[in-house]
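Q: coords please:
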Amino acid sequence: MSDHVVPHFHNDAGVSVIEIGSQEFMCVGANPPFDHPHVFLDLGNDSEIICPYCSTLYRFAPDLKPGEARPPECVLKDRVA
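A: Take a look at the predicted model:
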């Protein structure tokens, strides 16, 4: 069992870049019920990654805490585990 929760992010706002403080995360595309399959993304040694479903560009921002995003409304809240 995992000792941490993988953060989930969405792009309902349609922004060109979402900066995140996590290197491993899930992209859901849009808020449910309009989400795409929840895809696990891992930046590894890279600083950017594009979601293969919705083409959202995620960029690692070391000044953000894990689970935080810029813009902050892109963090998926109240998700069911």
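Q: For Pro72, what are phi and psi?
A: phi -60, psi -20 (degrees, to the nearest 10).
Q: Show me the shaky parts of this protein.
A: 1-4, 79-81 (pLDDT under 70).
Q: Could you check how many residues crowd around the nearest residue to Val39 once chain neighbours are set aside?
A: Excluding its sequence neighbours, the residue lying closest to Val39 (Cβ to Cβ, 6 or more residues apart in numbering) is Cys27, at 5.4 Å. Any C-beta I mention is one placed from the backbone N, CA and C, and that applies to glycine too. Cys27: 27 surrounding residues under other Cβ atoms under 10 Å.
Q: how near is Cys27 to Ala69?
A: 11 Å (Cβ to Cβ, to the nearest Å).
Q: shouldn't the residue nearest to Val39 be in contact with Asp35?
A: No: assessed by Cβ atoms under 8 Å, Cys27 is found out of contact with Asp35, at 9.2 Å.
Q: Give the intersection of the neighbour lists for the two.
A: The overlap between the contact sets of Cys27 and Asp35 (Cβ atoms under 8 Å, 6 or more residues apart in numbering) consists of His10.
Q: what residues are up against the residue nearest to Val39?
A: So, once contact is read as Cβ under 8 Å, 6+ apart, Cys27 ends up touching 8-11, 36, 38-39, 41, 51, 53-54, 56, 58.
Q: Also Met26?
A: Per Cβ under 8 Å, 6+ apart, neighbours of Met26: 6-9, 38-41.
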